[in-house]
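> Attaching a predicted model along with its sequence, questions to come.
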Amino acid sequence: MTWQVKFRKGLWVPLADCWLDAQFSTPRAVVSHAHSDHVGRHKELICSPPTARLLRARLPGRRIEHVLPYGQTEALTAEVAITLHPAGHILGSSLIELRGAPGTLLYTGDFKLRSSLAAETCATPRADLLIMETTFGLPKYVFPADAEVIGKIVAFCREAVAEGRVPVLFCYSLGKTQEVLRALQPAGLPVMLHDSALRLTRIYEQFGYIFPPYRDFDANTVGGHVVICPPPQQKNNGLLRHIPARRTAMISGWALDSGATYRYRCDAAFPLSDHADFNDLIQFVEKVQPRQVLTLHGFAREFARTLRERGWDAWALGQENQLDLALGAPARN
């Protein structure tokens with residue numbers, strides 16, 4: 001017996017009778033985390049407790065929720081059991097483990113093996129079939145140490161304040177904002193948050209995360225503060241118009257690309273990411289020891305080729321197709 005999967009803006013697993021991270025409405029889906037590109041308006045969903053709480057704030061509406069704590073195994077169908085493990089990406093992000101007659105399938109969603117200030121530590125359970133995201137699947141995407149990047153962000157903020165300007169850090173409201181906010185704590189810099197980031201940060205606090213003092217954005221008293229808000233393309237320009245004397249920085253793994261400041265229309269860019277870098281991706285495969293790997297998103301084809309060169313049975317999922325996955329090959333030594 002083999003696992004069958006179909007990839008189309010989400011992953012359909014017939015034996016489990018559900019979708020994984022479908023971006024459109026489905027009868028039933030497992031949601032790895034609460035970022036909008038992994039979620040649809042499902043009639044029924046399965047996710048971790050923090051993801052359920054975040055989705056209520058970000059995607060209101062009626063649905064059936066099955067909240068599954070990390071490490072707890074439940075029957076998904078008569079033939080398949082499901083377990084969620086922490087993925088290290090954002091609060092509540094999950095690796096999805098399915099167990100059935102074909103063996104163990106592990107789907108990562110977005111994940112980060114390196115430690116995070118605002119997410120649980122990523123697990124590395126063994127699996128027969130690994131389906132993994134490969135956003136940064138090229139060798140050039142190896143991130144500097146977080147402490148080094150954070151030091152540069154703090155220096156950028158202090159220099160802007162010393163010049164009489166307001167440092168504005170472009171961070172996605174969910175995940176990146178909370179990591180950067182905690183990273184700024186030792187610097188003692190006063191922080192203002194965009195309203196969307198502030199609402200989600202308060203949900204983090206409900207799950208035990210502690211942050212330095214912060215307040216909502218106020219144009220009348222913004223001087224001397226660090227402002228954290230979404231990137232310009234997320235329609236926060238109304239806020240920016242209230243900060244004429246500003247210096248802006250994008251916080252993203254894509255800051256490693258040349259021309260990042262031009263692309264994001266900012267003064268600086270810093271490569272602090274909540275995704276696995278190239279080294280993380282390789283290390284994760286080595287820890288999971290799968291018999292077969294399927295790659296998704298980003299540089300999926302290139303990373304699959306890299307894995308094959310290293311002796312793994314690896315292939316990219318990037319087109320709409322149906323795959324019968326035989327898991328009879330011996331594990332790699």
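Right, received. Where do you want to start?
> make it CA atoms for all contacts and neighbour counts henceforth
Fine.
> For residue 157, give its distance to residue 185.
13 Å (CA to CA, to the nearest Å).
> Next: residue 292.
In terms of CA to CA, residue 292 sits 42 Å off from residue 185.
> Which of residue 157 and residue 185 has more residues huddled nearby?
The residue with more neighbours, out of residue 157 and residue 185, is residue 157; 25 against 16, by other CA atoms under 10 Å.
> the helices in the stretch 51-200 of the chain, which residues?
Ranges of helices in the stretch 51-200 of the chain, per DSSP state H, counting those that start in this stretch, are 146-162, 176-183, 195-206.
> Break this structure down into its domains, please.
What automatic domain parsing lists as the domains of the chain is 3-140+275-325, 146-270.
> could you dump the ones you listed to CSV with mean pLDDT?
Shown next, in CSV, are the domains of the chain (pLDDT from 0 to 100):
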stretch, mean pLDDT
domain 3-140+275-325, 94
domain 146-270, 94
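> Just name the most buried of those domains.
Stretch with highest mean neighbour count among these: domain 3-140+275-325 (a mean of 20; mean count of other CA atoms under 10 Å).
> show me the contacts for the closest residue to residue 188 other than its chain neighbours.
Distances taken as CA to CA, 6 or more residues apart in numbering put residue 212 closest to residue 188, at 7.9 Å, once the chain neighbours are dropped. By CA atoms under 8 Å, 6 or more residues apart in numbering, the residues touching residue 212 are 181, 182, 184, 185, 188.
> Tell me the secondary structure at the residue nearest to the fourth one when sequence neighbours are not counted.
Right, the one you point to is residue 185. Among residues not flanking residue 185 along the chain, residue 212 sits closest, at 5.3 Å (CA to CA, 6+ apart). What DSSP: H, G, I helix; E, B strand; the rest coil gives for residue 212 is coil.
> how far away is residue 212 from residue 174?
17 Å.
> And residue 25, by the same measure?
Distance from residue 25 to residue 174, counting by CA to CA: 22 Å.
> closest one to residue 92 among the helices of the stretch 51-200 of the chain?
helix 195-206 (9.8 Å; CA to CA).
> what's the angle between that closest one and helix 176-183?
If you take axes from the mean of the first three to the mean of the last three CA atoms, to 10 degrees, helix 195-206 sits at 60 degrees to helix 176-183.
> tell me what the helix or strand following helix 195-206 is packed against?
Tracing the chain past helix 195-206, the next element assigned as helix or strand by DSSP states H and E is strand 214-216. Here strand 214-216 touches strand 191-193, helix 195-206, going by 3 or more CA pairs under 8 Å, 6 or more residues apart in numbering; DSSP states H and E.
> For residue 248, give me its contacts.
Applying CA under 8 Å, 6+ apart to residue 248 gives the contacts 167, 168, 169, 170, 266, 267, 268.
> give me that answer again for 7 Å
Contact partners of residue 248, counting by CA atoms under 7 Å, 6 or more residues apart in numbering, are 167, 168, 169, 266, 267, 268.
> Kindly report the same for residue 274.
When contacts are counted by CA under 7 Å, 6+ apart, residue 274 touches 89, 112, 176.
> and the end-to-end length of stretch 103-116?
31 Å.
> Now tell me what touches it from outside.
By CA under 7 Å, 6+ apart, the residues outside stretch 103-116 that reach it are 32, 87-89, 95-99, 121-122, 127-133, 274-276, 280.
> ok, now stretch 136-146?
Contacts of stretch 136-146 (CA under 7 Å, 6+ apart): 271, 272, 276, 277, 278, 279, 298, 299, 300, 302, 303.
> Stretch 191-206 now?
Contacts with stretch 191-206, where a contact means CA under 7 Å, 6+ apart, come from 173-174, 177-178, 214-217, 225-229.
> how near is the nearest residue to residue 69 once chain neighbours are set aside to residue 87?
Take residue 69 and drop its neighbours on the chain: the residue closest to it by CA to CA, 6+ apart is residue 48, 5.5 Å away. Look at residue 48 and residue 87: by CA to CA, they are 11 Å apart.
> Equivalent analysis for residue 57, please.
Separation of residue 57 from residue 87 (CA to CA) stands at 21 Å.
> again, but for residue 252
18 Å.
> In a markdown table, list the contacts of residue 274 along with distance to residue 18.
Formatted as a markdown table, the contacts of residue 274 follow (distance: CA to CA, whole Å):
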| residue | distance to residue 18 |
| --- | --- |
| 89 | 23 |
| 112 | 25 |
| 176 | 29 |
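> Which one of these is nearest to residue 284?
Residue 284 has its nearest neighbour among these in residue 112, at 9.3 Å by CA to CA.
> The residue nearest to that closest one when sequence neighbours are not counted is in what secondary structure piece?
Nearest non-adjacent residue to residue 112, counting by CA to CA, 6+ apart: residue 276, 4.2 Å away. Assigned by DSSP H and E, residue 276 falls within no helix or strand.
> residues contacting residue 276?
111, 112, 113, 136 are the contacts of residue 276 under CA under 7 Å, 6+ apart.
> Find the pair from those with maximum spatial separation.
Most distant of the contacts of residue 276, by CA to CA, are 113 and 136, 12.9 Å apart.
> ok, which stretches of the stretch 201-333 of the chain are strands?
Remark: strands assigned in the stretch 201-333 of the chain by DSSP state E, counting those that start in this stretch are 214-216, 226-229, 246-251, 268-270, 292-296, 314-316, 322-325.
> Appreciated, that's everything.
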